[in-house]
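# no sequence for this one, just the structure:
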């Protein structure tokens, strides 16, 4: 349970996004999460970048500078092997949480 | 990110920061680009992006904060910033650092003494199980000595001790190339070192048979004696030395750390041998030994005490003549050695602790005032995105930096102070307190210093924390003009409480210093019963082999006195077996002729003096006559008594012509009282006057005497002449401890301890007075500066200058009165606890309390007069316009 806090959820969203779309910059991650969640989830930039930096330090993601489609410099992140493993664990944790919360909500 | 990358980050913070900045910037650019694509105007797009993104600086800080290694970097930045802040505000920083250094230095240096004396264990095996075992009598308030026959009985019967041994002070004349030198020694029973659990570093200690009468004479050396008298020769064991004419074999050398406080300067340790020659050891009534025992496992001091009391009671029944009134005392050896110095050291440590407390309170209120005046800066930083913790960390860093610098200075000051205090200890004092040889900075004291610093640091971090928390919303309000309302008031209340604490502590220290100073004065001005100025004293020791016969001793003493009296500048000279102020003891039990006797021991000080000794020291004859030189062994035995003896045993009667002798009235012991002298202080300055008898030296001569000389001029100058005059008579005679009566008085351990305590606590109190008054000034001045507008309004509405003065002085008067009142109550309590240290002074000494209250009160009023004046000179128009 301990991992299922908000920060853990942000990590999960970022890792999942990277696993689905491959290499992506921070802005791209924000936009993708917003679109893919039908505008339900908005990621705060103020939380995203510290999270990315932390995940990079933990070795879950790797970064490199690259160019966008419009020829702009941006820092691209991609999942590492450790990150993939972490994603599986985070997904399992989240499923666990959702099942638990749903069970509570539907309890009659 | 690899470890090496992280470490690299640590050294290239700007690199990482640039990287993050670039990334955040690219994020903002991407958003602007998208908005433009959606058809929004460039300005609008830019604005939206920035608003959405929030504070880029704060975000960067947070991203950097994720980098564990970079946390260190930001702390370093804090320290640099704190340092700049302190340097910018040098007056504040210097004050705080000096105040802290004083507090820390004082407490650490006192602790160094406490550590050496009270914390470090005695240098024996399992010292907690060692006990001092002695007899007690009504004559002495402290434990008395033990007689050898009693010791043998005690040793045989004791079941609570695994071993019991005895020691007694001794002195020898050591034969050296330059003549006979007196050396301090200790006579010990053979098992003494085994009981203490001390192993010699060279050779061995005594065999059980070596304290038997037929044993060959042997000696164990102290480490210092071996190093200095025998140049540390490795082959010393087995060599022979001449001790008072007796060739003695050296069998061992004691370890360097060994010391024995009752005779700390003892260099030679010899077995205590009971032979017919050592008459005292054969008598049950001659008490000259002290016992040291080791408790059996599981036995407490109280159990041993109970057992020895029972044994002593048995002996009392068995030998009523000698043992009547002789009880037993068992106390831990540490207590016996350190009992006198413990209360003084603890009082000094408390004094230093109070000074430290006042210093810390002072610095925290300085910090509070400062952080109050930095309210704007804090608010601004908060508005720019600094988090609560980030701000707090900045304050804590500043506090730690202050403590760090103050602590380092304080430790340096303590290092110097301990050296100076130790240098002030005389050789005699160190001989009585050998454990103080180890005083100095060591791991214990450094640890203590660290604890003190940590305590101070915690306090200084707590103050801004409280303020930020109490100030709460004030953090953001601070930017607004004139927002000095609630939080300023909260702080002012807090600051006022702090000042009351400071004032109360200052009162306690001042009262303590006053009482100790008064005690010291009383001690030095105690009624001596003799005239101490212009008296020179020197111990004279006749070599016992050459002066074995009483006639030889009489002739020598006579010849020496004759020579001395003919020296220029000498007004009078005399000798005594024990010189004045040496301590009560060397007593005699007397029984009066023609009175019924119930066997009680009438114990009196016994002194053998030359015919003109009492005139020499300036005692005064109350009745009868002095004895003369002619009254020697061939004449009837005579004696002089002091007034205390006359008061006690001849109340309302004329003692002249009365006679007394020993407890069995042996005919040769009976003497006739020919005169009464005033009460001369034979004991220490703080000891009571007890009955004393003065016998003519010529009727009971000895090889040891103290020569006392009254001079016309400076008594110091005559000392070398005295010694050469004695040597001129016979170079074989040795002299020792040449000094003056004035030095004996001021150098006595009682005087030293009282003087040191009075001066140190006085110093602490002076500092506390200054600190507390400065603290009060700070609070009043701050409060006036905060109330400028209010005062302006009051004056605009017609308040007179006198009213403004009253307004300010009333505030400080209230604080002072409160602080002084609390302090006086506390100080009476503290003085009652430290009652043992007072001499001739009551803890509630009204004079001292009043002087302290007045001193502090007037100093406080003076300190608040300046801000009051400033308040009264406020121009109402300007004060109001300034808002």
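Structure received. Nothing here was measured: the structure is a model prediction, and the numbers come from that model. Residues are numbered from 1 along each chain as shown, chains lettered A, B, ... in the order given.
# state the distance from residue B:680 to chain A.
Separation of residue B:680 from chain A (CB to the nearest CB, to the nearest Å): 85 Å. All C-beta spots, glycine's among them, are computed from the backbone N, C-alpha and C.
# ok now stretch B:752-767, how far from the chain's centre?
Centroid displacement of stretch B:752-767 relative to its chain, using CA atoms, centre = their mean, to the nearest Å, is 10 Å.
# contact partners for the residue of the stretch 101-250 of chain B found nearest chain A?
For the stretch 101-250 of chain B and chain A, the shortest gap (CB to the nearest CB) falls at residue B:104, measuring 40.4 Å. Residues near residue B:104 by CB atoms under 8 Å, 6 or more residues apart in numbering or on different chains: B:356, B:359, B:406-407, B:409-411, B:413-414, B:449, B:452-453, B:456.
# again, only this time at 10 Å
B:352, B:355-356, B:359-360, B:403, B:406-414, B:448-449, B:452-453, B:456 (CB atoms under 10 Å, 6 or more residues apart in numbering or on different chains).
# what residue lies at the spatial centre of chain A?
With distances taken as CA atoms, centre = their mean, the residue of chain A nearest its centroid is residue A:14 (1.2 Å).
# just confirm it contacts residue A:50, I think it does.
No - in this structure, residue A:14 is not within contact of residue A:50 by CB atoms under 10 Å, at 11.5 Å.
# and the strands in the stretch 701-850 of chain B?
B:704-711, B:734-740 (DSSP state E, counting those that start in this stretch).
# closest to chain A out of the ones you listed?
strand B:734-740 (76.1 Å).
# list the buried residues for the closest one?
Buried positions in strand B:734-740, judged by neighbour count with 16 or more other CB atoms under 10 Å in any protein chain shown: B:734-736, B:738-740.
# export the residues you listed to JSON lines and append columns for pLDDT and distance to chain A.
Shown next, in JSON lines, are the buried residues of strand B:734-740 (pLDDT from 0 to 100; distance: CB to the nearest CB, whole Å):
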{"residue": "B:734", "pLDDT": "85", "distance to chain A": "82"}
{"residue": "B:735", "pLDDT": "87", "distance to chain A": "82"}
{"residue": "B:736", "pLDDT": "85", "distance to chain A": "78"}
{"residue": "B:738", "pLDDT": "88", "distance to chain A": "79"}
{"residue": "B:739", "pLDDT": "91", "distance to chain A": "76"}
{"residue": "B:740", "pLDDT": "92", "distance to chain A": "79"}
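# check contacts around residue 80.
Just so you know, I chose chain A. A:18, A:55-56, A:58-62, A:86.
# oops, chain B please
residue B:397.
# are we agreed that it is in a helix?
Yes - checked against DSSP: H, G, I helix; E, B strand; the rest coil, residue B:80 lies within a helix.
# what pLDDT does it get?
What the model reports for residue B:80 is a pLDDT of 84.
# again, but for the one 3 residues further on
Taken from the predicted model, the pLDDT recorded for residue B:83 is 85.
# give me the distance between the nearest residue to it once chain neighbours are set aside and chain A.
Leaving aside its chain neighbours, residue B:83 sits nearest to residue B:401 (6.5 Å; criterion: CB to CB, 6 or more residues apart in numbering or on different chains). Residue B:401 is 28 Å from chain A, where distance means CB to the nearest CB.
# on contacts alone, who are the packing partners of the host helix or strand of residue B:401?
Assigned by DSSP states H and E, residue B:401 falls within helix B:388-423. When contacts are defined as 3 or more CB pairs under 10 Å, 6 or more residues apart in numbering or on different chains; DSSP states H and E, helix B:388-423 packs onto helix B:56-65, helix B:68-88, helix B:90-114, helix B:341-373, helix B:375-383, helix B:443-471, helix B:749-786.
# buried residues in that helix?
B:390-403, B:405-407, B:409-411, B:413-415, B:417-418, B:421-422.
# distance from that helix to the middle of the chain?
For helix B:388-423, the distance to the chain centre is 24 Å (CA atoms, centre = their mean).
# what residues are up against residue B:547?
Contacts of residue B:547 (CB under 10 Å, 6+ apart): B:541, B:553-557, B:701-703, B:730, B:732-733.
# with residue A:52 instead?
Per CB under 10 Å, 6+ apart, neighbours of residue A:52: A:10-11, A:14, A:18, A:25-26, A:29, A:60-61, A:63, A:75, A:77, B:23, B:63, B:66.
# now the helix or strand hosting it: buried residues?
Under DSSP H and E, the secondary-structure element containing residue A:52 is helix A:45-57. Across helix A:45-57, burial judged by 16+ other CB under 10 Å covers A:45-46, A:48-57.
# report the angle between the longest helix seen in chain A and helix A:45-57.
Criterion DSSP state H: the longest helix present in chain A is helix A:81-105. Counting by axes from the mean of the first three to the mean of the last three CA atoms, to 10 degrees, helix A:81-105 points 130 degrees away from the direction of helix A:45-57.
# pull the residues that contact helix A:81-105.
Applying CB under 10 Å, 6+ apart, the set of residues contacting helix A:81-105 is A:1-5, A:8-9, A:11-16, A:18-19, A:55-56, A:58-62, A:77, A:79-80.
# would you mind listing what in chain A touches chain B?
A:25-31, A:42, A:44-59, A:62-63, A:65, A:68, A:70, A:72-75 (CB under 10 Å from any CB of the partner chain).
# if we go to 8 Å?
For chain A, the residues in contact with chain B (CB under 8 Å from any CB of the partner chain) are A:25-28, A:30-31, A:44-46, A:49-50, A:53-54, A:56-57, A:59, A:68, A:70, A:72-75.
# okay, the buried residues of helix A:45-57 in a markdown table with pLDDT and distance to residue B:48 next?
What follows is the buried residues of helix A:45-57, written out as a markdown table (pLDDT from 0 to 100; distance: CB to CB, whole Å):
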| residue | pLDDT | distance to residue B:48 |
| --- | --- | --- |
| A:45 | 79 | 13 |
| A:46 | 78 | 16 |
| A:48 | 86 | 17 |
| A:49 | 86 | 19 |
| A:50 | 84 | 22 |
| A:51 | 86 | 23 |
| A:52 | 88 | 22 |
| A:53 | 85 | 25 |
| A:54 | 84 | 28 |
| A:55 | 87 | 28 |
| A:56 | 86 | 28 |
| A:57 | 81 | 31 |
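# quick one: which of the residues you listed is nearest residue B:165?
Using CB to CB, residue A:57 comes nearest to residue B:165 of the buried residues of helix A:45-57, at 70.0 Å.
# for the chain, give me the ranges with low pLDDT.
I went with chain A, as the question did not name one. A:1-7, A:108 (pLDDT under 70).
# actually, chain B is the one I wanted.
B:1-14, B:64-73, B:276-277, B:372-373, B:385-387, B:467-492, B:882-883.
# let's see it at 50
B:1, B:472-476, B:478-485 (pLDDT under 50).
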